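S.K.: turn this into a model:
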Amino acid sequence: MSFADQLERLQQFLDADDLHDEALDYLAGHGFLTALSISPAEVPEQEWMFELFAEDPKYTDDAQKIDIENTLRELKALIERILASDEELEPPCELTLGDEPDLSDLRSWCVGFLEGVFLREEDWFSQDEETVSELLLPIMVGSGLFEDQPEFADIAKDEEMVQDMLDHIPDVLTQLYLLFQAPEEKARPALLDPRH
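M.R.: Modelled structure (predicted):
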């Protein structure tokens, strides 16, 4: 079976209605795995697998369990390979919130990414909180999780600014990966200039 077929089966499994209410759907799961691939602290597989599903899924048999878990591992490894290469990692959806942001694919992906950040939040922000906060801003805006905060409410009113931020998400992923995973001399010059 091709990896594309495996991903399709994974998507059908994660998007099905019979998983736990707090389980991540396919797009949120992709965002979650992307954050884990960037994370400055390793998250054990048993822990992230449980967090993704919120409870043990009811698999039809052992073969399905092996298939789904292996595909998740392979997807995470693929994301890591892309991040470590010179290619930009694109979320598997349009970089727009559309007319109904709460129903958009990108919103799901951003929420999933932040779920991955929250697993090791202290590690993400312990070295360079200002830079990390600035880089995460487009994903935080895309997630809609902070809309009740005045500064995010102000940003949300400017559709052009929001779209510009969302367009930069692939670049942001590269910058975050370099910050946490690349040697010091490689990571620094690529960072966004801090605002004064």
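
S.K.: residues contacting the closest residue to Trp48 other than its chain neighbours?
M.R.: Leaving aside its chain neighbours, Trp48 sits nearest to Leu36 (5.7 Å; criterion: C-beta to C-beta, 6 or more residues apart in numbering). Any C-beta I mention is one placed from the backbone N, CA and C, and that applies to glycine too. Counting by C-beta atoms under 8 Å, 6 or more residues apart in numbering, Leu36 touches 43, 48, 76, 116, 119.

S.K.: tell me the mean pLDDT for the helix or strand where the second one lies?
M.R.: In this assignment (DSSP states H and E), Trp48 forms part of helix 45-53. When the per-residue pLDDT values of helix 45-53 are averaged, the result is 97.

S.K.: buried residues in the helix or strand just after that helix, which are they?
M.R.: Using DSSP H and E, the helix or strand that follows helix 45-53 towards the C-terminus is helix 62-84. For helix 62-84, a neighbour-count test (16 or more other C-beta atoms under 10 Å) marks 67-68, 71-72, 75-76, 79-80, 82-83 as buried.

S.K.: so which of those residues comes closest to Asp15?
M.R.: Closest approach between the buried residues of helix 62-84 and Asp15, by C-beta to C-beta: Ile68, at 12.5 Å.

S.K.: and the closest residue to that closest one other than its chain neighbours, how many neighbours does it have?
M.R.: Residue nearest to Ile68 in three dimensions, not counting chain neighbours: Phe13, with 5.5 Å by C-beta to C-beta, 6+ apart. Close neighbours of Phe13, defined as other C-beta atoms under 10 Å, add up to 19.

S.K.: secondary structure element for Phe13?
M.R.: If you go by DSSP H and E, Phe13 is part of helix 3-14.

S.K.: what's the angle from the helix or strand just after that helix to helix 3-14?
M.R.: Remark: after helix 3-14, the chain's next helix or strand is helix 26-38, criterion DSSP H and E. On the basis of axes from the mean of the first three to the mean of the last three C-alpha atoms, to 10 degrees, helix 26-38 is oriented at 110 degrees to helix 3-14.
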